[in-house]
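Colleague: sequence first, predicted model second:
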2 protein chains.
Amino acid sequence: MDAMKQLTTIPLFQGLTAENYQQLASIVVVKPYKKNQTIFADGDDGNGFYVVVSGRVKVFKLSREGKEQILHIIGPGEPFGEVAVFAGEHFPAHAQAMEETKSLFIPRNAFIDVLKQNPSLAMNMLAMLSRRLRKFTALVEDLSLKEVPGRLSVYLLYLSETKQHAHNLTLDISRSQLASLLGTIPETLSRILARMNSEGLIASDGRTIQILNRDGLEQLASGERRLA
Amino acid sequence: MDAMKQLTTIPLFQGLTAENYQQLASIVVVKPYKKNQTIFADGDDGNGFYVVVSGRVKVFKLSREGKEQILHIIGPGEPFGEVAVFAGEHFPAHAQAMEETKSLFIPRNAFIDVLKQNPSLAMNMLAMLSRRLRKFTALVEDLSLKEVPGRLSVYLLYLSETKQHAHNLTLDISRSQLASLLGTIPETLSRILARMNSEGLIASDGRTIQILNRDGLEQLASGERRLA
DNA sequence: CGTGGCCTTGATAAAGTTCAAGAGCCGTGG
DNA sequence: CCACGGCTCTTGAACTTTATCAAGGCCACG
């Protein structure tokens, strides 16, 4: 597939003119990454942004002691690093390929030129940033208002609503990474999964999790109930 | 001061044409709020956004039990509620005036019309959203990676760097609200301030705080050190 | 001079982290 | 084909941090 065709399949770039696609195609660079390869580091110069074509990328912060908090997991069609393009000089977090990943790199200056000529691209970008901001609001809410069992419940219910058939979930990330996404550590996650199992809320086996009692999870998610 | 003049002083609207200002002025509505008055509630229909002219507004989330997490405190010249205009139908949080506040309300549809004709307004909006996203990244990092003394240190150092003369700070919010901003409760904040005092890091008296040992605060902020 | 709001302090309990040890799993190489 | 080493995940025990509950102090305002 050539760059131009790829561009038209990306939600961020929907609704542009053929001319715009050509302009974009001429500035875009295809970049492949291996599993665990760093794409950019916290503090790097933000001279452009990326769109994932295939594979997955995690965007995360690192504490001084090396504990990581995952901020986003970016899948095909989604952009990342775009904040740096408009806000400032450097990336505010680390980005690393979680598996073999192909991405497009859109250099800053060239992109801004295209943007200036194209209101509908600007509108797309605005909508996208707004959606991301909204997700962050939810993340902050989760981190500050809920305990870990509640956050885990929110995550499981979210998974079951979106990607998969209702009651049988397959985690597509490791437990350690799930822990990081929930703002905790693997030990705590492990214990909570065990408690959820013994309370009959779920049945987990490796990366497979069955939801046995959806109401119970919803109560945990909303803080109405706690685990024994 | 008439609406048009106010508009030109707002960073978000810098660099527009005279015609744009007139368009905007014709759709803007001035709205006054009393102290503690609700401006919008979580879930309300987002049919426009606001810019604070004078006073202050807090944007916050509420847990089921009523515990509040402040997300932003918005001052003169800053916009709020703008995410709803691009992202979706409803506001993702509550907004309330912290004191007597005057704000401008910009209705959604009319604004989008102006935006479509004006790339530089769109660029301003993009930059603003990006900056806010960046702040959120930092907030998430704080909430998930640091303990309360660290978060408080970050906040104090931030205050001393930006607004005020180096070592003598005056809090412009109540302790309860500071607690909420830091993702904790007033009791915990009180204890930590007491410990910081007795360790000679700060000298606090009411709403005034003197920084006595900047290095010590920086160590707490980065997790190198803990309070006794 | 009382009354209500906010802040402080103490005792207690809950939640999560840390440290340490062991179990299960998988690919590599003998 | 089996054993080894290196992962990740699990489990236990001690410890740390923070929240909760309760009581008392301070101050401003009526």
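Modeller: Received, thanks.
Colleague: looks to me like residue A:36 is in a helix.
Modeller: No - counting by DSSP: H, G, I helix; E, B strand; the rest coil, residue A:36 is located in no helix; its state is coil.
Colleague: verify the stated contact: it with residue A:94.
Modeller: No - judged on CB atoms under 8 Å, residue A:36 makes no contact with residue A:94 at a distance of 11.9 Å. C-beta here means a position set from N, CA and C on the backbone, and glycine is covered the same way.
Colleague: can you show me the strands along chain A?
Modeller: With DSSP state E, the ranges of strands along chain A come out as A:29-33, A:38-40, A:48-54, A:57-62, A:68-74, A:79-80, A:94-97, A:101-107, A:168-170, A:202-205, A:208-211.
Colleague: now the second one: mean pLDDT?
Modeller: Here strand A:38-40 scores 93 as its mean pLDDT.
Colleague: which strands and helices sit next to it?
Modeller: Contacts defined by 3 or more CB pairs under 8 Å, 6 or more residues apart in numbering or on different chains; DSSP states H and E place strand A:38-40 against strand A:94-97.
Colleague: let's have the strands of chain A in a markdown table, adding distance to residue A:15.
Modeller: Output for the strands of chain A, formatted as a markdown table (distance: least, CB to CB, whole Å):
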| stretch | distance to residue A:15 |
| --- | --- |
| strand A:29-33 | 23 |
| strand A:38-40 | 28 |
| strand A:48-54 | 16 |
| strand A:57-62 | 25 |
| strand A:68-74 | 22 |
| strand A:79-80 | 16 |
| strand A:94-97 | 27 |
| strand A:101-107 | 17 |
| strand A:168-170 | 34 |
| strand A:202-205 | 42 |
| strand A:208-211 | 38 |
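Colleague: quickly compare those and say which is most buried.
Modeller: Among the strands of chain A, ranked by average contacts under mean count of other CB atoms under 10 Å in any protein chain shown, first place goes to strand A:79-80 (a mean of 24).
Colleague: right, is that strand up against chain B?
Modeller: No - judged by CB under 8 Å from any CB of the partner chain, strand A:79-80 stays clear of chain B, getting no closer than 11.7 Å.
Colleague: contacting residues around that strand?
Modeller: If you take CB atoms under 8 Å, 6 or more residues apart in numbering or on different chains as the criterion, strand A:79-80 is touched by A:10, A:12, A:49, A:50, A:51, A:52, A:57, A:59, A:72, A:74, A:95, A:128.
Colleague: what pairs with it, parallel or antiparallel?
Modeller: Applying DSSP bridges, strand A:79-80 is found paired with strand A:48-54 (antiparallel).
Colleague: can I get the partner strand in CSV? Just the C-alpha atoms.
Modeller: Taking Å, rounded to 0.1, in the frame of the first residue of the first chain, the C-alpha atoms of strand A:48-54 are listed here in CSV:
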residue,chain,number,x,y,z
GLY,A,48,6.7,16.2,14.4
PHE,A,49,4.1,13.6,15.3
TYR,A,50,3.3,10.0,14.4
VAL,A,51,0.4,7.9,13.3
VAL,A,52,0.3,4.2,13.9
VAL,A,53,-0.3,2.1,10.8
SER,A,54,0.1,-1.3,12.3
